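> here is my input; please provide its structure:
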Amino acid sequence: MPFTNNLWKSDIRMTKVQQKISGCFRSMKGAEIFCRIRGYLSTCREHSVSSSHAMNLIFEGKLPEFVGRLS
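Numbers count the residues shown, from 1 in each chain. Okay, the predicted model is just below:
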């Protein structure tokens, strides 16, 4: 059972945890990269694509199948 059913709160919680662990992001670019990766993984999770499979696809230069259906 998830801590909360509000996906937005769940997504932002991980950013705050990262901030607490490291104290802060070293640069705005680092924060943007972190948010982009977390957003990609969150969207994949919503479409039943595992995080490991999603990352493997990215490193192979591919995107998950649901990306074509979004447009």
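> so what pLDDT did L41 get?
You'll see L41 listed with a pLDDT of 90.
> in space, what's closest to it - neighbours in sequence excluded?
Sequence neighbours aside, S51 is the residue nearest to L41 in space, at 5.1 Å (criterion: Cβ to Cβ, 6 or more residues apart in numbering). Any C-beta I mention is one placed from the backbone N, CA and C, and that applies to glycine too.
> shaky segments in this protein?
Scanning the chain for pLDDT under 70 picks out 1-16, 18-23, 69-71.
> where do the strands sit along it?
Remark: no strands are assigned in the chain by DSSP state E.
> ok, now how distant is A31 from C24?
As judged by Cβ to Cβ, to the nearest Å, A31 and C24 stand 9 Å apart.
> N56 and S48, how far apart?
15 Å.
> hang on, isn't H47 packed against V67?
No: using Cβ atoms under 8 Å, H47 is not in contact with V67; the gap is 9.0 Å.
> skipping adjacent residues, who's closest to S50 in space?
Nearest residue to S50, sequence neighbours excluded (Cβ to Cβ, 6+ apart): C44, at 7.6 Å.
> ok, now which ones touch that neighbour?
By Cβ atoms under 8 Å, 6 or more residues apart in numbering, C44 lies in contact with 50-51, 53-54, 64.
> reformat those as JSON lines; add distance to Y40 and neighbour count.
Shown next, in JSON lines, are the contacts of C44 (distance: Cβ to Cβ, whole Å; neighbours: other Cβ atoms under 10 Å):
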{"residue": "S50", "distance to Y40": "13", "neighbour count": "11"}
{"residue": "S51", "distance to Y40": "9", "neighbour count": "12"}
{"residue": "H53", "distance to Y40": "12", "neighbour count": "11"}
{"residue": "A54", "distance to Y40": "7", "neighbour count": "18"}
{"residue": "P64", "distance to Y40": "9", "neighbour count": "18"}
